[in-house]
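**Q** turn this into a model:
(one chain, ligands or ions: 1)
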Amino acid sequence: MTCGALCIFPLDLPAQEVRRLHSLLSPEEQARAARFLAPLHRDRFAVAHGRLREILAARLAVAPDLLQFDSGEHGKPHLAGSEGRSGLQFNLSHSADHGLVGWAQGRHLGVDVELWRPLGDEEALVRRFFSPVENAAYAALPAAGRTQGFFECWTRKEAYIKAVGRGLGLPLDSFDVSFGAGREPALLRPSAQVPGDRSWALAAPPVGPGISVAVMLEGDACHVLPAH
Ligand SMILES: CC(C)(COP(=O)(O)OP(=O)(O)OC[C@H]1O[C@@H](n2cnc3c(N)ncnc32)[C@H](O)[C@@H]1OP(=O)(O)O)[C@@H](O)C(=O)NCCC(=O)NCCS
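**A** Purely as a prediction, here's the structure:
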């Protein structure tokens, strides 16, 4: 039996499909969508949250517009109402025109997708946000592999802070992840600032050129299956 999966999907869809997905959102989600000034960003938000509802509803055999959400102390969304007792965990990420939803039964998780793009001074971001171990791993990469290494590290770090639910309240240099060609994705050092003794498994499935994806899943193993 499948106990979890990752689903990556386009956010730029024909207007009719955007309207259909928008109609699945709660009044609060529709109000959030309306706050985007650019129609492109409003529509991408509606598609991301509409698809999230459809993916979760299919697992739970309920109508997508009936799902209720709440969020934890640091803003991590979770299912509420009767579906909140199902044990189904999920996490959402978006980057430009790509959306990503991960779900798992009874295991917490965090996901992140990033399209590779110029970010100004990449090396300054590495110095500011990556841990000393990650700084050394980045410096050891050949120049041609640095942008890939940067986005691998970034997505893996985001997946961790999202899995533990702390968001950017967790110092990004308080834990280490592996990255770079030939290195197995792994959480090398958990943050001492995260209480509890949960173990975490990291996966970084290839999804195409110029895009990095990571999923951090509670437990000892993370075998990523495509959603169906
Ligand atoms: C939660 C956070 C970490 C996600 O940021 P992000 O990468 O910009 O956005 P993503 O698209 O991956 O994820 C956003 C989604 O995560 C979920 N989310 C929100 N808070 C969350 C939390 N505390 N934990 C887990 N998931 C959360 C929501 O579903 C959100 O979607 P929504 O905004 O459409 O409702 C955010 O706190 C943040 O500010 N990130 C900044 C990134 C950064 O500077 N990274 C440097 C790394 S080197």
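**Q** can you confirm residue 192 is in a helix?
**A** No - counting by DSSP: H, G, I helix; E, B strand; the rest coil, residue 192 is located in no helix; its state is coil.
**Q** surely it and residue 174 touch.
**A** Yes - judged on CB atoms under 8 Å, residue 192 makes contact with residue 174 at a distance of 6.6 Å. Every C-beta, even on glycine, is put in place using the N, C-alpha and C of the backbone.
**Q** between the two, point out the one with more neighbours.
**A** residue 174 (15 against 8; other CB atoms under 10 Å).
**Q** residues touching the more buried one, list them.
**A** Going by CB atoms under 8 Å, 6 or more residues apart in numbering, residue 174 touches 131, 191-193.
**Q** please indicate which of these are buried?
**A** Among those, those classed as buried by 16 or more other CB atoms under 10 Å are 131, 191.
**Q** how about the contacts of residue 174 in JSON lines, adding distance to the ligand and pLDDT?
**A** Formatted as JSON lines, the contacts of residue 174 follow (distance: CB to the nearest ligand atom, whole Å; pLDDT from 0 to 100):
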{"residue": "131", "distance to the ligand": "10", "pLDDT": "98"}
{"residue": "191", "distance to the ligand": "14", "pLDDT": "96"}
{"residue": "192", "distance to the ligand": "19", "pLDDT": "95"}
{"residue": "193", "distance to the ligand": "14", "pLDDT": "94"}
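**Q** any chance of the contacts of residue 174 in JSON lines, plus distance to residue 99?
**A** Formatted as JSON lines, the contacts of residue 174 follow (distance: CB to CB, whole Å):
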{"residue": "131", "distance to residue 99": "29"}
{"residue": "191", "distance to residue 99": "27"}
{"residue": "192", "distance to residue 99": "33"}
{"residue": "193", "distance to residue 99": "30"}
